[in-house]
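**Q** 3D model of this:
(chains A and B)
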Number of protein chains: 2
Amino acid sequence: MSVSFTVERGCPETKARRGHLETRHGGVETPAFMPVGTQGTVKVMTPEELRDVGAQIVLSNTYHLMLRPGADLIARAGGLHRFMHWEGPILTDSGGFQVFSLGHLRQVTPEGVIFRSHLDGSIHRLTPQQAMAVQEALGSDIAMCLDQCVAYPASGEEFARAVELTTRWAEICQKAHSRPDQALFGIIQGGTSADLRRRSCEEIVGLDFPGYAIGGLSVGEPKELLFEMLAVLEPLLPADRPRYLMGVGSPDLLLGAIAMGVDLFDCVLPTRMARNGTVLTSTGRLVVRNAHYAEDFSPLEPGCGCYACRHYTRAYIRHLLKAGEILGVRLTTIHNLYFTLSLLDRARQAIAAGTFARFSREFLSVYEAGERARKKEAMAVGGE
Amino acid sequence: MSVSFTVERGCPETKARRGHLETRHGGVETPAFMPVGTQGTVKVMTPEELRDVGAQIVLSNTYHLMLRPGADLIARAGGLHRFMHWEGPILTDSGGFQVFSLGHLRQVTPEGVIFRSHLDGSIHRLTPQQAMAVQEALGSDIAMCLDQCVAYPASGEEFARAVELTTRWAEICQKAHSRPDQALFGIIQGGTSADLRRRSCEEIVGLDFPGYAIGGLSVGEPKELLFEMLAVLEPLLPADRPRYLMGVGSPDLLLGAIAMGVDLFDCVLPTRMARNGTVLTSTGRLVVRNAHYAEDFSPLEPGCGCYACRHYTRAYIRHLLKAGEILGVRLTTIHNLYFTLSLLDRARQAIAAGTFARFSREFLSVYEAGERARKKEAMAVGGE
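**A** Here you go, the predicted model:
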């Protein structure tokens, strides 16, 4: 098998798992967070900097790369790893999520999706077979099945149709997939319906994939519904396969989902937030762009070990952001990825030590108290 | 004295000098090129990356920093070195060049310049006294006198008036300057008139500064006139003081000016060109943004030892630039600074070995042949 997964230790009070995922480009200690490298680069970062902040595996987007520079060009360059100079594991998505986000620019048929490129309006098709061909050309370590993701809220009928199509496409993907050194993960849909989630899970797990993703969550639904769906799925997912919750990256959802047995995550939140001048700290978010920090000569987060916090002040980083200097977003990106990846590292250590439940409780109580205070203050001064 | 300068070796065939400039933040082997950090950061780069590409000293712009974030704020942060985390030598300009570039937004009086900020239109004054106060607050190792730079072409009368004002301001700056750990360099003006250059040089050298800058060149005049002015000044400048040619950074002008005895240079050319997707190579400029390089899997310059050339292809860097990814301009900036700083390093070695004239001739013959071929090709295909 192209990847192997071992669960090394469970948690006495929660469903959290400490595991190891081995790929042909190295291992991943789980639970793990995957920074997103949409266009063949994790925005702003070099691969060496990614390693420095603790990244073990990155996600890349099939949709963007197939349009520009094209999967064939990347194949001729020796594959995505060599093209982008990242020698660690890479997971590629199927392109489905982005295509479905195109709204009126796409049309779904039982065979696949016809869509217009957001770059030049040219017409393209994405079928399950093509999603496999493109990801095989890119040469990622883990490929994803083409699925249909429905935005929340939607009717029960829409969710049911998406489950049906997702299963049909998963079968086609599995048959079409031919690269022996690449793993193919299945994706479970079903929106916020426990019944549909159960049905999708049974069908996809019935196909026997080396790993399973939970798609269609964190797309606008209340947090409680997300956790409800994870609770439904947890006992149905095979314990010996990695579980990947797509599109989740905020500290509360990460810790909550780890407690429900999730092993892998990806999200643009830490990097996108950084480019908007907001940083993550253990006491909640901090909008370093704010005038409030103009003469604050302390680091983004006192005690933080990241490159930005070791050498620069809030005042300097704010100056860079206000002046439009690229070093500003470099420093906030480094900090936010370091913060998120360190949180996962601490979670792994806590699971191994049997103290995850307490760690999670204590971390979130400080984080959420800070967030509440920040929101109250922002409201008092009329927003940020 | 706040800086000390020793000329270690001359060149048998040219006026090139191999020297060492010592400041309280470390030494600078000369001739040296200073990357420009306009807003308290050399665009796109960290200080560690600057060291990696061979930077010894950086230039920062008084005009930009006095407006944003303000010199007082930087003083409270512990000075510019600490604020921007660059512990090597810093030279600040006087702000004059930028203020004079504002055109109709400024008014010159014998006491100084009144101008409107390019950021918010607010009115400011820059007098010789203030240029000193601001640079002392920033805490640079080398400060520059406020001078009047006139754009080429201009009338002899305009150039003469600028020489007069520049000398008067230099006297005021020298009296006003009080920081003992900071050196103050004088600036010679005079446009493209040999007589005015001689006069300005005699007056400024008569004031006895620890270093002399040549301003008002590389502002649009033909290359031959620039070299003619350097030939006029060379015998008049004291041999034991560093000579700084402002605003020069292209390989041909750098090598030509080194041969005329210049020790220091600064220019935005390598970094600005990089952000426009053009890189410097030993065979001339290469517009890596061009479609021509879409499937070129060779490095920017084969054999180059910079980080970008060791790990990435032209095809990948072009992809990043086309996709608007910041890593693209990071890689071209690293390459262009490495190229320029390596050229200076090779020039220093050649001077020390007594082979500078041959080195310069050989380098420029390959570089200029490449430039001619590139221009011919660009014209054949109808421009770049």
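**Q** Give the helix, strand or coil label for the residue in the stretch 151-300 of chain A that chain B sits nearest to.
**A** Proximity of the stretch 151-300 of chain A to chain B (CB to the nearest CB) peaks at A:Phe297, 5.7 Å away. Every residue, glycine included, has its C-beta placed from N, CA and C. Three-state call for A:Phe297 (DSSP: H, G, I helix; E, B strand; the rest coil): coil.
**Q** Tell me who's in contact with it.
**A** A:Thr313, A:Arg314, A:Ala315, B:Arg76, B:Ala77, B:Gly78 (CB atoms under 8 Å, 6 or more residues apart in numbering or on different chains).
**Q** how many other residues sit next to the first one?
**A** The one in question is A:Thr313. If you count neighbours by other CB atoms under 10 Å in any protein chain shown, A:Thr313 ends up with 23.
**Q** excluding its backbone neighbours, what's nearest it?
**A** Nearest residue to A:Thr313, sequence neighbours excluded (CB to CB, 6 or more residues apart in numbering or on different chains): A:Phe297, at 4.5 Å.
**Q** Would you check that A:Ser94 makes contact with A:Ile142?
**A** No. Using CB atoms under 8 Å, A:Ser94 makes no contact with A:Ile142, being 11.2 Å away.
**Q** Okay, strands next: where are they in the stretch 101-250 of chain A?
**A** Using DSSP state E, counting those that start in this stretch, the strands assigned to the stretch 101-250 of chain A run over residues A:106-109, A:112-116, A:123-126, A:142-144, A:183-188, A:212-214, A:243-245.
**Q** do you know which of those strands lies nearest B:Ala160?
**A** strand A:112-116 (64.4 Å; CB to CB).
**Q** Show me the contact partners of the closest one.
**A** Under CB under 8 Å, 6+ apart, the answer for strand A:112-116 is A:96, A:99-100, A:102, A:105-107, A:122-128, A:130, A:146, A:169.
**Q** rerun that using 6 Å as the cut-off
**A** With contact meaning CB atoms under 6 Å, 6 or more residues apart in numbering or on different chains, strand A:112-116 is reached by A:Val99, A:Leu102, A:Leu105, A:Arg106, A:Gln107, A:Ile123, A:His124, A:Arg125, A:Leu126, A:Thr127.
**Q** what's the closest of those to B:Leu255?
**A** Closest approach to B:Leu255 among the contacts of strand A:112-116 (CB to CB): A:His124, at 50.9 Å.
**Q** okay, the angle between the lengthiest helix in chain A and helix B:326-353?
**A** Secondary structure of chain A per DSSP state H: the longest helix is helix A:326-353. Orientation check (axes from the mean of the first three to the mean of the last three CA atoms, to 10 degrees): helix A:326-353 against helix B:326-353 gives 110 degrees.
**Q** Now do the same for helix A:326-353: mean pLDDT, whole number.
**A** Averaged across helix A:326-353, pLDDT comes to 98.
**Q** How about that helix, which residues are buried there?
**A** A:326-345, A:347-348, A:350-351 (16 or more other CB atoms under 10 Å in any protein chain shown).
**Q** Repeat that for stretch A:16-28.
**A** A:Ala16, A:Arg17, A:Arg18, A:Gly19, A:His20, A:Leu21, A:Glu22, A:Thr23, A:His25, A:Val28.
**Q** ok, the residues you listed vs B:His85, which is closest?
**A** A:Val28 (32.8 Å).
**Q** and A:Phe265, that one's in a helix?
**A** No. Under three-state DSSP, A:Phe265 falls outside any helix and is assigned strand.
**Q** Per-residue pLDDT of it, please?
**A** At A:Phe265, the pLDDT recorded in the model is 98.
**Q** Measure how buried it is and give me the count.
**A** 24.
**Q** Could I have the CA atoms of stretch A:321-329 written out in PDB?
**A** This file holds the C-alpha atoms of stretch A:321-329, laid out as PDB (Å, rounded to 0.1, in the frame of the first residue of the first chain):
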ATOM      1  CA  LEU A 321       1.700  46.000   7.100                       C
ATOM      2  CA  LYS A 322       0.600  49.700   7.000                       C
ATOM      3  CA  ALA A 323       3.400  50.400   4.500                       C
ATOM      4  CA  GLY A 324       2.400  47.500   2.300                       C
ATOM      5  CA  GLU A 325       5.800  45.800   2.800                       C
ATOM      6  CA  ILE A 326       5.900  42.100   2.000                       C
ATOM      7  CA  LEU A 327       8.000  41.300   5.100                       C
ATOM      8  CA  GLY A 328       5.000  42.200   7.200                       C
ATOM      9  CA  VAL A 329       2.900  39.300   5.800                       C
END
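**Q** Is chain B within reach of it?
**A** Yes. Using CB under 6 Å from any CB of the partner chain, stretch A:321-329 comes into contact with chain B via A:Ala323, A:Glu325, A:Ile326, A:Leu327.
**Q** likewise stretch A:80-90?
**A** Yes. Contact of stretch A:80-90 with chain B (CB under 6 Å from any CB) involves A:Phe83, A:His85.
**Q** With stretch A:33-44 instead?
**A** Yes. On the criterion CB under 6 Å from any CB, stretch A:33-44 is in touch with chain B at A:Gln39, A:Thr41, A:Val44.
**Q** Who wins on neighbours among those?
**A** Busiest of the residues of stretch A:33-44 next to chain B [other CB under 10 Å] is A:Thr41, holding 26 neighbours.
**Q** For that one, what is the enclosing helix or strand?
**A** Counting by DSSP states H and E, no helix or strand carries A:Thr41.
**Q** so how far is A:Met379 from the residue lying closest to it once chain neighbours are set aside?
**A** Nearest non-adjacent residue to A:Thr41, counting by CB to CB, 6+ apart: B:Leu327, 4.7 Å away. B:Leu327 sits 38 Å away from A:Met379 when distances are taken as CB to CB, to the nearest Å.
**Q** just to revisit the earlier point, I'd like the contacts of A:Phe297 as TSV, with distance to B:Leu264 appended.
**A** As requested, these are arranged in TSV below (distance: CB to CB, whole Å):
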residue	distance to B:Leu264
A:Thr313	30
A:Arg314	34
A:Ala315	30
B:Arg76	30
B:Ala77	27
B:Gly78	26
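**Q** Dump those to JSON lines, plus secondary structure, distance to B:Leu59 and pLDDT.
**A** Formatted as JSON lines, these follow (DSSP: H, G, I helix; E, B strand; the rest coil; distance: CB to CB, whole Å; pLDDT from 0 to 100):
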{"residue": "A:Thr313", "secondary structure": "coil", "distance to B:Leu59": "22", "pLDDT": "98"}
{"residue": "A:Arg314", "secondary structure": "helix", "distance to B:Leu59": "26", "pLDDT": "98"}
{"residue": "A:Ala315", "secondary structure": "helix", "distance to B:Leu59": "22", "pLDDT": "98"}
{"residue": "B:Arg76", "secondary structure": "helix", "distance to B:Leu59": "23", "pLDDT": "98"}
{"residue": "B:Ala77", "secondary structure": "coil", "distance to B:Leu59": "19", "pLDDT": "98"}
{"residue": "B:Gly78", "secondary structure": "coil", "distance to B:Leu59": "20", "pLDDT": "98"}
